[in-house]
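Colleague: Dropping a prediction and its sequence here:
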Amino acid sequence: MGDTLVRMDKIAKRFGGKLALRDAWLELRSREVLGVVGDNGAGKSTLLKVLAGVLFADKGTILLRGSPVAIRSPRDAQALGVEMVYQDFALCPNMTVWENVYLGRYVRTSIRRWKIPFLAKAAMRSHVLEILHELGIELNSVNEPVRCLSGGQQQAVAFCRSLLFNPTVLLLDEPTASMAVLEQEKILALIRRFRERGKSVVMVTHNLNELFQVADRALVLKEGKTIWCGPLQGLTPGDLAHMMFVGRSEPCEHVLHHGDVQGNADSPD
Amino acid sequence: MAPLERLGLVFFLTAIAGLFSVVSPHFLAYQNVVNILVQSTPTLLTAVGMTVVIATAGIDLSVGSVMALSSILAALAMKAQWPMASGIAISLLLGIAMGFVNGLGVTGLRVSPFIVTLGTAGIYRALALILTDARPIYGLPLGFRTLAMGQIGPLPLSVVLALLTVLVVYLITCWTCFGAHARAVGDNSQAAYRMGVPVKATLLWTYGLSGATSALAGLVIVARLNTAEAIAGLGIELEAIAAVVMGGTSFFGGEARISGTLLGALIMGTLVNGLTLLNVPSYYQQLVTGLVFILAVVADRIRRGL
């Protein structure tokens, strides 16, 4: 675990009349897995989507390695090395595996002397095969439409896509929801491998046991506010659940390390 | 497109051609086959642009009006002694511009493509009527009319032009980022956006492309009739959409089957031609077109198991 890689401060996001986030912050260190937990509607996915550039926060700042960054679109986030695997995988069912993996970032080439660019299909296909092989995922063909794949295979495609451009930050929204136990294990192993390779992972989850298996630290959101963030060592799933549903009754010492955002964390609901 | 489905369309086309050739001895005459191709050209051109629009899960009901307005302005320019090339350029650019207006309505106003293009269809048609006072414009330069009268080998120039357009749009849908983006937007626009696809620009250019192919269709008709009129292309959207759906491109978006559209347009053209040879009054032709369209949509639904 290293120094702070991403810092989101005082994030607020309103959807119509509903405040999804009102005072959320997040600190992600390099080479760590940060679990984000909270009750339904606490704003977990919204916070991740702000960092992924899918949603633009009404208020708040994002710092990457200490300098402020503007993330106004998914492209901005991608350019900064932030990739997200969505809960619904964000796949186009009628398009092939490789078309989905490269979606939005197709590689082009052109015949010598001709200046007309066209898709470098062969190169993209073989690269997708390479990544899938590296991830230990077996698919019949990368030319199959993803609607023909199983849920696990579709998720593999989504993971493959997030690794395409060697990201520094990986955001996972409920990566093991709707997965069989065996596949859950695979995904947790995958997350550990990301960390070993020096990547940072933010993972939204409902499953606290799983969180304790893989995460280094956790962040608790309640009603759009970050109410706690700290290491999981010495805590039980019960402690986290208490914070998620009841809120924090006493100041937690871990927060004291957090410096300037401490005030936000401590203000009661 | 699945080879089996394409084979099915080829079989269907052969079957109706066979039927007509039995009933009418003139049907398979060289001149009649060329007639079918020439008559299918406007439908084919609008249908090809429409295929990409439908691939984005959209629809363009303004193709006929775009044909009329763009070709009228081109005709007016040529009548005012502007060079032929500028007339053609004006028509194509106007077609693209009218498509952009459609695209802006779809992306900017967040109104469904059906509503936007139904509205602009009325507006463009009205502008065409206002500009010409509903009077046809005759007597275009001879050079321009070679578009209709010229031959390349055994085929009329307009047919060759249409086939080239089909080829170009096919290459665009299969081999360019734009084509893949258009299909992605139709398949799952939210996923496309999340992955960094420029959704709005893609839609804008898709409707622009449809405007361009419609303008080309307008030029072909004006050259053939040597007349530009505000009622050109009336009701052609039905034939175009029918050709697209028959070709296997789904209304649900995510697929663009250009080769299917080519076959679909030929089937529509063959049907209309055959009915004419059988002395069926032209009033019945739209009835057939409408029926074929609904059958194609139902067949598509059954094929997808919905």
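Modeller: Done, it's in.

Colleague: show me the contacts for the residue in the stretch 101-250 of chain A positioned nearest to chain B.
Modeller: Closest to chain B within the stretch 101-250 of chain A is A:G104: 3.6 Å, counting by CB to the nearest CB. For glycine as for every other residue, the C-beta is placed from the backbone atoms N, C-alpha and C. Counting by CB atoms under 8 Å, 6 or more residues apart in numbering or on different chains, A:G104 touches A:74-75, A:78, B:181, B:184, B:192, B:195-197.

Colleague: If any of those residues are buried, put those into a PyMOL selection.
Modeller: To isolate the buried ones among the contacts of A:G104 in PyMOL, judged by 16 or more other CB atoms under 10 Å in any protein chain shown, type:
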select buried, (chain A and resi 74+75+78) or (chain B and resi 181+184+192+195+196+197)
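
Colleague: those helices in the stretch 151-300 of chain B, which residues are they?
Modeller: Remark: helices assigned in the stretch 151-300 of chain B by DSSP state H, counting those that start in this stretch are B:157-175, B:177-187, B:189-194, B:199-225, B:236-246, B:258-277, B:283-303.

Colleague: Can you list the buried residues in the third one?
Modeller: For helix B:189-194, the buried set under the neighbour-count rule, 16+ other CB under 10 Å, comprises B:189, B:191-194.

Colleague: so can I have TSV of those residues showing distance to chain A and pLDDT?
Modeller: Conversion of the buried residues of helix B:189-194 to TSV gives the following (distance: CB to the nearest CB, whole Å; pLDDT from 0 to 100):
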residue	distance to chain A	pLDDT
B:S189	9	95
B:A191	4	96
B:A192	7	96
B:Y193	7	95
B:R194	5	95
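
Colleague: Farthest pair within those?
Modeller: Greatest spatial distance in these: B:S189 and B:R194, 9.7 Å, computed using CB to CB.

Colleague: quick one, phi psi at the residue of the stretch 101-250 of chain A closest to chain B?
Modeller: Dihedral angles of A:G104 (phi, psi; degrees, to the nearest 10) stand at phi 90, psi -10.

Colleague: With A:K222 instead?
Modeller: Backbone geometry at A:K222, expressed as degrees, to the nearest 10, gives phi -140, psi 120.

Colleague: and if you look at A:L34?
Modeller: Here is the backbone geometry of A:L34 (degrees, to the nearest 10): phi -110, psi 120.

Colleague: What distance do you get for it to B:Q31?
Modeller: 75 Å (CB to CB, to the nearest Å).

Colleague: the more surrounded of these two?
Modeller: Taking other CB atoms under 10 Å in any protein chain shown, A:L34 and B:Q31 do not tie; A:L34 has more neighbours (24 against 7).

Colleague: so that one touches A:L219, yeah?
Modeller: Yes: look at A:L34 against A:L219 with CB atoms under 8 Å: they come within range, at 6.1 Å.

Colleague: quick one, what contacts B:L234?
Modeller: Listed by CB under 8 Å, 6+ apart, the contact set of B:L234 reads B:64, B:68.

Colleague: Torsion angles phi and psi at it?
Modeller: When read as degrees, to the nearest 10, the backbone of B:L234 gives phi -70, psi 120.

Colleague: returning to what we had before: out of the buried residues of helix B:189-194, which is nearest to A:T46?
Modeller: In terms of CB to CB, no member of these lies closer to A:T46 than B:R194, at 13.9 Å.

Colleague: before we move on, back to that, how about the helices of the stretch 151-300 of chain B, which one is nearest A:G53?
Modeller: Per CB to CB, nearest to A:G53 of those: helix B:189-194, 8.7 Å.

Colleague: now for that closest one, which elements pack on it?
Modeller: Other helices and strands packing on helix B:189-194, by 3 or more CB pairs under 8 Å, 6 or more residues apart in numbering or on different chains; DSSP states H and E, are helix B:177-187, helix B:199-225.

Colleague: ok, back up a step: of the helices of the stretch 151-300 of chain B, flag the one that's most buried.
Modeller: Mean neighbour count, computed with mean count of other CB atoms under 10 Å in any protein chain shown, is highest for helix B:236-246 among the helices of the stretch 151-300 of chain B, reaching a mean of 27.

Colleague: As PDB, could you dump the C-alpha coordinates of it?
Modeller: C-alpha atoms of helix B:236-246 as PDB (Å, rounded to 0.1, in the frame of the first residue of the first chain):
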ATOM      1  CA  ILE B 236     -40.800   6.500 -50.500                       C
ATOM      2  CA  GLU B 237     -40.000   6.100 -46.800                       C
ATOM      3  CA  LEU B 238     -42.400   3.200 -46.600                       C
ATOM      4  CA  GLU B 239     -40.600   1.400 -49.500                       C
ATOM      5  CA  ALA B 240     -37.200   2.200 -48.000                       C
ATOM      6  CA  ILE B 241     -38.100   1.000 -44.500                       C
ATOM      7  CA  ALA B 242     -39.700  -2.100 -46.000                       C
ATOM      8  CA  ALA B 243     -36.600  -2.900 -48.000                       C
ATOM      9  CA  VAL B 244     -34.400  -2.400 -44.900                       C
ATOM     10  CA  VAL B 245     -36.500  -4.600 -42.600                       C
ATOM     11  CA  MET B 246     -37.000  -7.300 -45.300                       C
END
